[in-house]
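here is a sequence together with a model predicted from it:
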Amino acid sequence: MEAATPSSASYAWKSIIKGREVIKKCAVWRIGRGESVHVWGDNWLPGTEMNRVVSPCWRGTEDFTVSLFIDQINCKWKEDLLDYYLMDFEAEKIKAIPLSKTQLHDTLIWPHNPNGDYTMKSGYKILQKEFQSQQPGTSNPEASKSLWQAIWKLNVPSKVKNLMWRACRDSLPTKTNLARDRLYEFSNLHNPISASAATPATCWRPPDQGFFKINFDGALFSKENRAGIGVVVRNEEGLVLASLSQQILLPTTVMEVETLAARHALEFAVEIGVHSVILKGDSTILINALQSNNHSLAHFGHLAEDVKYLASCFPRCMFSHVRRHCNKVAHSLARRALTYPHLLVWMEDVPPDVFDVFQADLKGLH
């Protein structure tokens, strides 16, 4: 990453160096112990345009690393230090960054690709976006005004002016634009309008004999800057062993909420002493990550490793995807966390406001 660029460098090498600069500028650190990441100057604050802390840097704190703000024993943020050194809005954003309990190394990831891997295509899109932002456009009327005036003053036929105007507006019937229009028409024609028509007539099913099924789900409450987690554990007869609902701070991505719900689900299963479990969630991306033997570079990858580690605590543990309409009890538990901010647990039961949803699952078994 520190290679030089001599004046005699080839075009290919200069292109590689250009790509390196894009990575340096746009890659983000996923925090583990925080020992490799500087509080000020490094990209590590997700969900912001610059990905960097903008709070004033105190004299003598220039070399502080993020590890200063982490309780390494309990894997939690030191909220009092965050409040002391940083502005309120940044302190709150950092408190919502989930920390792994097993993956303690800091990892540089590429946030512009869902799996965290850098690709030439995603790097090119970043450069293209930067270039377009510097060009005159409808979002900057003053900058484009002189361009349109120059076009309309040209001593050429009106149809030529019109052609130039349409070219600048990217409204010519090019192959790309025509294909986009056709795709839009095809989508409108073939996508079902009714949600019920697209929903298969299936429901929750009990696990095989000897297994316990653990359904989990997450819910987002963006206005309140909170998220909810719901978990329900059931046996082969469909009866509830335990359920929980908990409110947490809203992380940056939906996938982090889902993965935290999965982690809480297995921690809960360990606490209540069940064995041979099937963990089911309605996020295909997460279930695929949990079933993979590879370490994910995605934002939620370190949390997925926590789930895999917890899975090793059971004699048998399987990960399986379930459709949302078969995950209604867990979803309802997650949604109710908006009203009840604390961790709530029900043994051999679900809360009264979720009972009808649970009963519907039981009726579907007959």
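Everything's here; your move. Small disclaimer: the values here were computed from a predicted structure and weren't measured.

distance of the residue sitting nearest the centre point of the chain from Leu241?
The residue lying closest to the centre of the chain (Cα atoms, centre = their mean) is Thr253, at 3.0 Å. Thr253 sits 31 Å away from Leu241, going by Cβ to Cβ, to the nearest Å. In short, each C-beta sits where N, CA and C put it, glycine included.

list phi and psi for Trp152.
Torsion angles at Trp152 (phi, psi; degrees, to the nearest 10) stand at phi -70, psi -20.

does Ala298 touch Pro111 like I think?
No: between Ala298 and Pro111 there is no contact, the gap being 9.1 Å when judged by Cβ atoms under 8 Å.

between those two, who's got more neighbours?
Using other Cβ atoms under 10 Å as the criterion, Ala298 and Pro111 rank with Ala298 on top: 24 against 20.

any idea of the pLDDT on the more buried one?
Per-residue confidence (pLDDT) for Ala298: 92.

likewise the one 4 residues further on?
Per-residue confidence for His302 comes out at a pLDDT of 95.

for it, which residues are in contact?
Arg30, Gly32, Ser100, Thr102, Gln103, Thr107 (Cβ atoms under 8 Å, 6 or more residues apart in numbering).

could I get the residues you listed as JSON lines with secondary structure, pLDDT and neighbour count?
Formatted as JSON lines, the contacts of His302 follow (DSSP: H, G, I helix; E, B strand; the rest coil; pLDDT from 0 to 100; neighbours: other Cβ atoms under 10 Å):
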{"residue": "Arg30", "secondary structure": "strand", "pLDDT": "95", "neighbour count": "24"}
{"residue": "Gly32", "secondary structure": "coil", "pLDDT": "94", "neighbour count": "21"}
{"residue": "Ser100", "secondary structure": "coil", "pLDDT": "96", "neighbour count": "22"}
{"residue": "Thr102", "secondary structure": "coil", "pLDDT": "91", "neighbour count": "14"}
{"residue": "Gln103", "secondary structure": "coil", "pLDDT": "81", "neighbour count": "20"}
{"residue": "Thr107", "secondary structure": "strand", "pLDDT": "94", "neighbour count": "19"}
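
can I assume Phe72 is in contact with Arg33?
Slight slip there: residue 72 is Gln, not Phe. Yes: with contacts counted by Cβ under 8 Å, Gln72 reaches Arg33, the gap being 6.3 Å.

which one's more surrounded, those two?
Using other Cβ under 10 Å, the more surrounded residue of Gln72 and Arg33 is Arg33, with 18 against 13.

show me where the stretch 201-350 of the chain has helices.
Secondary structure of the stretch 201-350 of the chain (DSSP state H, counting those that start in this stretch): helices at 254-272, 284-291, 301-311, 328-335.

out of the ones you listed, the one nearest Phe319 is which?
helix 284-291 (4.3 Å; Cβ to Cβ).

pull the residues that contact that closest one.
Helix 284-291 is contacted from outside by 114, 255, 258-259, 262, 279, 281, 296, 298, 300-301, 304, 307-308, 311, 319-321, using Cβ under 8 Å, 6+ apart.

show me where the stretch 151-300 of the chain has strands.
212-221, 226-234, 240-249, 277-281 (DSSP state E, counting those that start in this stretch).

with mean neighbour count, distance to Gly41 and mean pLDDT as added columns, please give these in CSV.
Listed next are the strands of the stretch 151-300 of the chain as CSV, based on neighbours: other Cβ atoms under 10 Å; distance: least, Cβ to Cβ, whole Å; pLDDT from 0 to 100:
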stretch, mean neighbour count, distance to Gly41, mean pLDDT
strand 212-221, 24, 31, 97
strand 226-234, 25, 30, 97
strand 240-249, 22, 25, 96
strand 277-281, 23, 37, 97
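
mind checking how far the nearest residue to Arg323 once chain neighbours are set aside is from Glu305?
Nearest residue to Arg323, sequence neighbours excluded (Cβ to Cβ, 6 or more residues apart in numbering): Asp282, at 6.4 Å. Separation of Asp282 from Glu305 (Cβ to Cβ): 21 Å.

mind listing what Thr61 touches?
Val39, Trp40, Tyr85.

once you drop chain neighbours, what's closest to the second one?
Right, Trp40. Cys57 (4.5 Å).

got phi/psi on that neighbour?
When quoted as degrees, to the nearest 10, the phi and psi of Cys57 stand at phi -90, psi 120.

count the residues that sit near it.
Using other Cβ under 10 Å, the number of residues around Cys57 comes to 15.

okay, and for the stretch 1-150 of the chain, where does confidence drop off?
Low-confidence segments of the stretch 1-150 of the chain, defined by pLDDT under 70: 1-19, 48-49, 127, 130-149.

can you tell me what sits against stretch 153-162?
Residues from elsewhere that reach stretch 153-162, judged by Cβ under 8 Å, 6+ apart: Ile151, Trp152, Met164.

apart from its neighbours in sequence, what residue is nearest the last one?
In space, Met164 comes closest to Ile151 once its chain neighbours are excluded; the distance is 5.3 Å by Cβ to Cβ, 6+ apart.

the one you found: neighbour count?
Counted with other Cβ under 10 Å, the neighbours of Ile151 add up to 16.

quick one: distance of stretch 334-354 to the chain centre.
Stretch 334-354 has its C-alpha centroid displaced from the chain centroid by 25 Å (Cα atoms, centre = their mean, to the nearest Å).

buried sites along that stretch?
Ala334, Arg335, Arg336, Ala337, Leu338, Trp346, Val350, Val354 (16 or more other Cβ atoms under 10 Å).

cross the residues you listed against strands and list the overlap.
Applying DSSP state E to the buried residues of stretch 334-354, the entries found in strands are Trp346.

picking that back up, need the contacts of stretch 153-162 in TSV with pLDDT and distance to Pro206, can you?
Shown next, in TSV, are these (pLDDT from 0 to 100; distance: Cβ to Cβ, whole Å):
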residue	pLDDT	distance to Pro206
Ile151	71	69
Trp152	70	72
Met164	73	67
